[in-house]
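> after the sequence you'll find the predicted model.
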Amino acid sequence: MSQQDRAPRGLMISAPRSGSGKTLLTLGLMRALTRRGHRVAGLKNGPDYIDPAFHEAACGHASYNLDSWAMHEAQIGAVLRALPAPAPLLVAEGSMGLFDGVPGAPGATGSSSDLAAMLALPVVLIVDVSGQSQSVAAVVRGFASHRADVRIAGLVLNKLASPRHERLTREAVAELGLPVLGALPRQNALALPERHLGLVQAVETNDLAAKIDTMADFIEAHADVAALAALAAPLRLPPAGRTLLRPPGQRIALARDAAFSFIYPHLLAGWRAAGAEIFPFSPLADAAPDPACDICWLPGGYPELHAGPLAAASRFAAGLRYFARHKPVHGECGGYMVLGEGLVDAGGLRHAMPGLLAIETDFSRRKMTLGYRTATLRADGPLGPAGTRLRGHEFHYAALTRNDEAALADGQDAYGSPVTPMGSRRGQVTGSFFHVIAEAP
């Protein structure tokens, strides 16, 4: 961002816990502001591929993940300073509860409050008031006073059962001096469909534009959109610097369809800014990576839902094998599963995969694996030279039932567990369940 551009303004939507209505308020507010002529863009706290795609659908601009545990302040500054001019109005969606994070240095726990404090983002707290009334004031008082460097600027009350319920709750919180900028009645019609990794992807959601418009209508009817927008304050931008992740090649063949959609926008933007070119292709359409590219990257997604078509994609498999004989191939999570010899779907049926790695994965034994990871590379490869430390996360239900390859990296979670081998590598082919976010600070 050049010196003459004004600093972006923004606010954060957060809550005491998950399931309080953050996504409803975020998407509805984004679309409502866009309809009023604001140039809006989204941010998402923490590791989440799905919500940013809905943000983009709501406001028409890319949404970026920011993460105080996985990213250094200067890396966050680099993402924000690369925003296009004129600076958009930023609506940041928090993750889980406002103060929920992992063990880490002060300000680097991955919590939404860390990001709000770092960027001086005013917080709009949406509170699920079902099953309580006056007690809500005690909850809000605690959140408002918990961290001196985090400012709760306004409240939105959600899941109100009646006008009487609203009156009791409003009266209780009035003494706190925080404006109530929305009072949302209880409803179930606006819920978005979900599956095992969260919301069904934006590209797969039927009538998504109409659904978001309905959310915007609901927020317009029950919240003060102008007052919410007026809360947005200039961000305190950290200095820009530090590489998030060096491009793995000059020309990157990127699998991109409903089975392979989990790639962070900040990585793609950073690679392009560094001069790399992205060449998408669709394995589900039986397309092969362009052999003129320098590397093939298979991101995560939902290959377990498309295992049959992927197993039948002969041109894709042959092209991938040919590519791997000459140039690097890397797979993240779902992409890693497809690099193996077989993938067992939820019904227990095994599907043959291209077999670039001697691994087998099984989705029928569903067990959730979730959390931040630090990975230290054991050998040179697409993610960097040996010894490179990376920050990222895992989120999957599939199990690795066989791995006859050398490990890609040494991994450790955010809680200081023992270091364990991570992923697989054979020649120029590498993969793991690890989703990289940035080089470690």
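Received, thanks.

> which parts of the protein belong to which domain?
Recorded structural domains for the chain (assignment: automatic domain parsing) are 9-234, 251-439.

> now render these as TSV, adding distance to Thr243, mean neighbour count and mean pLDDT.
For the C-beta atoms, the positions are set from N, CA and C on the backbone; glycine is no exception. Formatted as TSV, the domains of the chain follow (distance: least, Cβ to Cβ, whole Å; neighbours: other Cβ atoms under 10 Å; pLDDT from 0 to 100):
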stretch	distance to Thr243	mean neighbour count	mean pLDDT
domain 9-234	8	19	93
domain 251-439	6	19	96
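
> now for Ala189: which residues touch it?
Thr214 (Cβ atoms under 8 Å, 6 or more residues apart in numbering).

> and the residue of the chain positioned farthest from its centre, what element?
Of all residues in the chain, the one whose C-alpha sits farthest from the chain's mean C-alpha position, using Cα atoms, centre = their mean, is Arg164 at 38.1 Å. For Arg164, the host element (DSSP states H and E) is helix 163-174.

> all strands of the stretch 201-350 of the chain, in order?
In the stretch 201-350 of the chain, the strands defined using DSSP state E, counting those that start in this stretch lie at 233-234, 251-255, 277-281, 295-298, 329-332, 342-344, 350-352.

> closest one to Gly104 among the ones you listed?
For the strands of the stretch 201-350 of the chain, proximity to Gly104 was assessed by Cβ to Cβ; strand 329-332 is nearest, at 23.3 Å.

> who's in contact with Ala183?
Taking Cβ under 8 Å, 6+ apart, we find Ala183 in contact with Val156, Leu157, Leu160, Glu166, Arg170, His222, Ala223.

> which one of those is nearest Ala346?
Top of the list for closeness to Ala346, among the contacts of Ala183 and by Cβ to Cβ, is Val156 at 37.4 Å.

> tell me the SS of that closest one?
Counting by DSSP: H, G, I helix; E, B strand; the rest coil, the backbone at Val156 sits in strand.

> make sure it is actually in contact with Leu25.
Yes - contact criterion Cβ atoms under 8 Å: Val156 and Leu25 qualify, at 5.9 Å.

> hang on, the earlier thing: in TSV, list the strands of the stretch 201-350 of the chain along with distance to Asp48.
Below are the strands of the stretch 201-350 of the chain laid out as TSV (distance: least, Cβ to Cβ, whole Å):
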stretch	distance to Asp48
strand 233-234	24
strand 251-255	20
strand 277-281	21
strand 295-298	20
strand 329-332	15
strand 342-344	24
strand 350-352	28
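
> ok, which of these comes nearest Leu121?
Closest approach to Leu121 among these is made by strand 233-234 (7.3 Å; Cβ to Cβ).

> and the closest one, what other elements does it pack with?
Judged by 3 or more Cβ pairs under 8 Å, 6 or more residues apart in numbering; DSSP states H and E, strand 233-234 is in contact with strand 9-14.

> pull the CA atoms of the strand it packs on into PDB?
Output in PDB follows, covering the C-alpha atoms of strand 9-14 (Å, rounded to 0.1, in the frame of the first residue of the first chain):
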ATOM      1  CA  ARG A   9     -10.500   0.800   8.400                       C
ATOM      2  CA  GLY A  10     -12.000  -2.200   9.900                       C
ATOM      3  CA  LEU A  11     -13.900  -4.000  12.700                       C
ATOM      4  CA  MET A  12     -14.000  -7.500  14.100                       C
ATOM      5  CA  ILE A  13     -17.100  -9.700  14.600                       C
ATOM      6  CA  SER A  14     -16.500 -12.000  17.500                       C
END
